[in-house]
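Peer 1: test case, fold it:
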Amino acid sequence: MIARLGPVLAAAVVLTASGAFTAPAAAAAPAQPAPEVMAALGDSISAGFNACGWYVSCTARSWSTGDSREVRSHYGRLAELSGTLHKHNLNYAVPGATSADLLGQVKKAIAAKADYVTILIGAQDACTRTEQAMTPVDTYRRRLQSALTELRAGMPGARVLIASIPDVRRLWRVGKDHALARTFWAAGRICQSMLVRPTSTRSADTERRARVRARVMAFNDAAAEACAAYGPGCRTDGGAVFSFPFTLDHVSKWDYFHPNTDGQQVLAERTFERGFSWIDPR
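Peer 2: Prediction:
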């Protein structure tokens, strides 16, 4: 039985002015057997940080490899198709990780023989203490290309899903008038490149927020380019995460930054439906 779990996207991508990468319509590629081992790579978002506890990772609620029924992660959906995938849900995502850490995570996925890998990386490349400290776009692009080249060499048949980085300016927009959110952002020095002086309407602050958002958009475009270079075994979410109109209801009340359980569920749904088609081998 074939389970069609989201439209199959072309390997080529179209880079949009919004920074939310998309893929052109194309004939559906053949469905493939469900993976036997999957791995989540990235930062605190994929680690489920603050999704179920006070400043701790909660991998059970990860949009990628979590086993919580509340989230319905990629792993949870795929495990219904593959008996061999059961408990082979590895999470190498690390809170605070940047694109510089991706290659090391890829090497772990190769060692584990992961044949399905999800990647969400870059929020911490943009969410720095100052705007000047953000990762240059060329550096980000080079790091992703290097990591994907390593993965393709070590696991030639691995399929990759790259999720877009969320729109951090939207977080500022939905939280700037919320006193508790502002308190957490200031006390924790969270994403200060975007969230410092959240109530300011000065042109300097407005322009700074626009530049940080533009950097996230450029990272998403660079990730799409790297995905296209990887070949037909790589898909993006077409900018679905970046463009999702999330609210504070999707954000952890322990930091007003990371996705809560509802946010993780949305991430799982919006990325999975834009991924691969899989065959139930049973």
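Peer 1: my guess is Ile190 contacts Phe184. True?
Peer 2: Yes - Ile190 lies in contact with Phe184 (C-beta atoms under 8 Å); the separation is 6.7 Å. Quick note: C-beta positions are derived from backbone N, CA and C, even for glycine.
Peer 1: identify the contacts common to those two.
Peer 2: 255-257 (C-beta atoms under 8 Å, 6 or more residues apart in numbering).
Peer 1: out of those residues, flag the one nearest to Ala93.
Peer 2: Phe257 (15.6 Å; C-beta to C-beta).
Peer 1: in the one helix or strand Lys107 maps to, what counts as buried?
Peer 2: Using DSSP states H and E, Lys107 sits within helix 102-111. Neighbour counts over helix 102-111 (16 or more other C-beta atoms under 10 Å) mark 102-103, 105-106, 109-110 as buried.
Peer 1: next secondary structure after it?
Peer 2: Counting by DSSP H and E, what follows helix 102-111 is strand 116-120.
Peer 1: and the angle from that next one to helix 102-111?
Peer 2: 160 degrees (axes from the mean of the first three to the mean of the last three C-alpha atoms, to 10 degrees).
Peer 1: pLDDT weak spots in the chain?
Peer 2: 1-30, 281-282 (pLDDT under 70).
Peer 1: does Val174 belong to a helix, a strand or coil?
Peer 2: Three-state call for Val174 (DSSP: H, G, I helix; E, B strand; the rest coil): helix.
Peer 1: contact partners for it?
Peer 2: 246-248, 251.
Peer 1: could you pull out the helices for the chain?
Peer 2: Secondary structure of the chain (DSSP state H): helices at 74-79, 102-111, 123-126, 137-154, 168-175, 179-187, 192-195, 203-230, 240-243, 261-272.
Peer 1: ok now the last one, how far from the chain's centre?
Peer 2: To tie it back to what came earlier, the one meant is helix 261-272. 10 Å (C-alpha atoms, centre = their mean, to the nearest Å).
Peer 1: again with the second one
Peer 2: Between the centre of helix 102-111 and the centre of its chain there are 16 Å (C-alpha atoms, centre = their mean).
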